[in-house]
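**Q** give me a 3D structure for the following:
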Amino acid sequence: GSVGGWTPIYKQPSGEEDSTACTGGTSATCSNTGSTYVDRSLTYHSATGKMSGTITTNQCPDHDTDHRPDRECITQTLPDPAFSTGALDAAPLLKRVGM
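**A** This next block holds a predicted model:
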């Protein structure tokens, strides 16, 4: 919706790619005893206050759970190219941003 007369434009993130780097395979079902795979290769740039690099994950929970979601190995590039326009665009706080 409109915020103070300004309507935000949703951008589709583009920095996600399938990966084969995850331990335990690239697809199937996550273990219900915690089977997270995460590899972070990030650099902090103090001049801009921004991080850049990649996060690779199988997107499985890191704790015991009764739910066994599908495992999918992906690599997320930061900053997401869809949000690297030079303008002050905010990335949506979804999925792997909280890792």
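
**Q** only C-alpha atoms from now on, for both contacts and neighbour counts.
**A** Will do.

**Q** contacting residues around the closest residue to Asn32 other than its chain neighbours?
**A** For Asn32, ignoring the flanking residues on the chain, the nearest one in space by C-alpha to C-alpha, 6 or more residues apart in numbering is Thr65 at 5.1 Å. Contact analysis of Thr65 by C-alpha atoms under 8 Å, 6 or more residues apart in numbering lists Asn32, Thr33, Gly34.

**Q** and what of Gly34?
**A** For Gly34, the set of contacting residues under the criterion of C-alpha under 8 Å, 6+ apart consists of Cys60, Pro61, Asp62, His63, Asp64, Thr65.

**Q** cutoff 7 Å now
**A** Counting by C-alpha atoms under 7 Å, 6 or more residues apart in numbering, Gly34 makes contact with Pro61, Asp62, His63, Asp64.

**Q** pick the one among the residues you listed closest to Tyr44.
**A** Tyr44 has its nearest neighbour among the contacts of Gly34 in Asp62, at 25.0 Å by C-alpha to C-alpha.

**Q** got the phi and psi for Pro81?
**A** When quoted as degrees, to the nearest 10, the phi and psi of Pro81 stand at phi -50, psi -30.

**Q** show me what contacts it?
**A** Neighbouring residues of Pro81 by C-alpha under 7 Å, 6+ apart: Ser14, Gly15.

**Q** following the helix or strand bottoming out on mean pLDDT in the chain, which helix or strand shows up next?
**A** Among the secondary structure pieces of the chain, namely its helices and strands, strand 27-29 has the lowest mean (mean pLDDT, DSSP states H and E), a mean of 71. For strand 27-29, the succeeding helix or strand toward the C-terminus, using DSSP states H and E, is strand 38-45.
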